[in-house]
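K.L.:
Any chance you could fold what I've pasted below:
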Amino acid sequence: MAQAGAEADASCLESFELYETDSKFYILGTNTDKTLWRLLKIDRMEPSELNIDEDSTMYSHSEYLDLRKTLDEDHRSTGGLNFVTNCCGIIGFIKFLGPYYMLIITEQRKIGAIFGHAVYQVTKTAMIELSNSKMKPTLLNSNDENRYKKLLQTIDLRKDFFFSHSYNIMRSLQKNFNDPQKGWDLYDTMFVWNEFLTRGVRNILESTCWTVALVYGFFKQDKIKISGKDTMLTLIARRSRHYAGTRYLRRGVNEEGRVANDVETEQLVFDDTLGPEQISSVVQNRGSIPLFWSQETSKLIIKPDIICMRRTIIMKQPGFILKILGGDMEIPSSS
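P.N.:
This is a model prediction of the structure:
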């Protein structure tokens, strides 16, 4: 088997192959140069339950070829191992009334890089039903099930969603340097929009190497000249997944201390040839005014009146602000 010393390299899986048999889905994931492979097994016999198992073995490329042959031979009596699609990562799993569905990224486009870590935009996705054709539940073709599927498919993940396999793009540069985190903690941040969709598989595997953390917002990178030197300018806007919505339907703050349409904007300026020490990062946070207020929309009123609401403010908001700023501050008792 592949050397155990290569475990760190295999922890960052960047491309995947999805196969199916009559009873299971198999996902083979590999690192950047396709020298190390790992195997994920998804059971199809109980499609209303999420039964996933990760093979702890790391395979070399030659062992990966042998593994495919072995899996095909093991399932030869029921049709063998069949290739489904290549993919760039798992967005998550979702269940409505019947079976689970797996959401995957099938195409990605590179939109930039930070210190050699590629950043990608989602360009194509697929929703894979876990149940096989022989075990499709009666609910699968129900009107309600189809309606929920159509509602999910109205969300266009190709628009303004981006991710990185090897860089924590959901966090600012300051946080990545001063408070490095990995794995589970990264998905608990306010900027990972598929946190709920990945929660089940992360709970089962206690790992995040098979899923991608999607950030919703804006990413633009370009080269500019400063004093005759080529410099990389990167602008990143991260929208919070908490209390998000359209302009007039989300205003103020909620009971959890989350303000409407909270956005973190980061400007990175660096010379990629000089290394990570030559970098400037400026972060700004903006959001709705942190009070309980709203506006009623009307086509007849150009500027709707602001409606203020009287509510008792609980002590969740200061703690939330401290978490955002990452500073130390003594909060006086409310008594």
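K.L.:
For the strand ranked longest in the chain, name the packing helices and strands.
P.N.:
Longest strand in the chain, counting residues (DSSP state E): strand 100-114. Secondary-structure packing of strand 100-114 (3 or more Cβ pairs under 8 Å, 6 or more residues apart in numbering; DSSP states H and E): strand 82-87, strand 89-95, strand 117-129, strand 215-226. C-beta coordinates here come from the backbone N, C-alpha and C atoms, glycine included.
K.L.:
After the third one, which helix or strand is next? Please name it.
P.N.:
Meaning strand 117-129. The helix or strand immediately downstream of strand 117-129 is helix 143-153, counting by DSSP states H and E.
K.L.:
so that next one versus strand 117-129, what angle?
P.N.:
Interaxial angle of helix 143-153 relative to strand 117-129 (axes from the mean of the first three to the mean of the last three Cα atoms, to 10 degrees): 170 degrees.
K.L.:
quick one, phi psi at the residue nearest to residue 35 when sequence neighbours are not counted?
P.N.:
What sits nearest to residue 35 in space, not counting adjacent residues and going by Cβ to Cβ, 6 or more residues apart in numbering, is residue 61, at 6.1 Å. Backbone torsions for residue 61, taken as degrees, to the nearest 10, come to phi -70, psi -40.
K.L.:
What does the pLDDT read for residue 61?
P.N.:
On the pLDDT scale, residue 61 is placed at 94.
K.L.:
any low-confidence regions in the stretch 51-200 of the chain?
P.N.:
Across the stretch 51-200 of the chain, the ranges flagged by pLDDT under 70 are 133-141, 184.
K.L.:
go again using 80 as the cut-off
P.N.:
133-141, 181-185, 188 (pLDDT under 80).
K.L.:
Check whether the residue nearest to the spatial centre of the chain sits in a helix, strand or coil.
P.N.:
Compute the mean C-alpha point of the chain, and by Cα atoms, centre = their mean the closest residue is residue 213, 2.1 Å away. Here residue 213 is recorded as coil under DSSP: H, G, I helix; E, B strand; the rest coil.
K.L.:
With adjacent residues omitted, what lies nearest to it?
P.N.:
residue 192 (4.6 Å).
K.L.:
ok so, going back, take the helices and strands packed on strand 100-114 and lay them out in a markdown table including distance to residue 19 and mean neighbour count.
P.N.:
Listed next are the helices and strands packed on strand 100-114 as a markdown table, based on distance: least, Cβ to Cβ, whole Å; neighbours: other Cβ atoms under 10 Å:
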| stretch | distance to residue 19 | mean neighbour count |
| --- | --- | --- |
| strand 82-87 | 6 | 14 |
| strand 89-95 | 14 | 21 |
| strand 117-129 | 12 | 18 |
| strand 215-226 | 29 | 14 |
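K.L.:
Relative to residue 171, which of these is closest?
P.N.:
For these, proximity to residue 171 was assessed by Cβ to Cβ; strand 215-226 is nearest, at 9.7 Å.
K.L.:
Now do that closest one against strand 117-129, angle only.
P.N.:
Counting by the same axes, to 10 degrees, strand 215-226 points 160 degrees away from the direction of strand 117-129.
K.L.:
Distance of the residue nearest to the centre of the chain relative to residue 153?
P.N.:
Distance, residue 213 to residue 153, by Cβ to Cβ, to the nearest Å: 21 Å.
K.L.:
what do you get for residue 145?
P.N.:
According to Cβ to Cβ, residue 145 stands 13 Å off from residue 153.
K.L.:
just residue 259 next, same as before
P.N.:
30 Å.
K.L.:
ok, the two, which is more surrounded?
P.N.:
residue 259 (23 against 11; other Cβ atoms under 10 Å).
K.L.:
from memory the more buried one sits against residue 251, does it?
P.N.:
No: here residue 259 does not reach residue 251: they are 9.3 Å apart, not a contact under Cβ atoms under 8 Å.
K.L.:
got any residues that touch both of these two?
P.N.:
residue 288 (Cβ atoms under 8 Å, 6 or more residues apart in numbering).
K.L.:
Serialize the helices and strands packed on strand 100-114 to JSON lines and add fields for distance to residue 234.
P.N.:
Below are the helices and strands packed on strand 100-114 laid out as JSON lines (distance: least, Cβ to Cβ, whole Å):
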{"stretch": "strand 82-87", "distance to residue 234": "27"}
{"stretch": "strand 89-95", "distance to residue 234": "22"}
{"stretch": "strand 117-129", "distance to residue 234": "9"}
{"stretch": "strand 215-226", "distance to residue 234": "4"}
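K.L.:
Chain neighbours aside, what residue packs nearest to residue 235?
P.N.:
Closest to residue 235 by Cβ to Cβ, 6+ apart is residue 220, at 5.0 Å.
K.L.:
gap between the one you found and residue 163?
P.N.:
For residue 220, the distance to residue 163 - Cβ to Cβ - is 16 Å.
K.L.:
what does residue 14 give?
P.N.:
For residue 14, the distance to residue 163 - Cβ to Cβ - is 11 Å.
K.L.:
more crowded one of those two?
P.N.:
Per other Cβ under 10 Å, whichever of residue 14 and residue 163 has more neighbours is residue 163, with 25 against 19.
K.L.:
from memory the more buried one sits against residue 123, does it?
P.N.:
No: with contact defined as Cβ under 8 Å, residue 163 does not reach residue 123; the gap is 11.8 Å.
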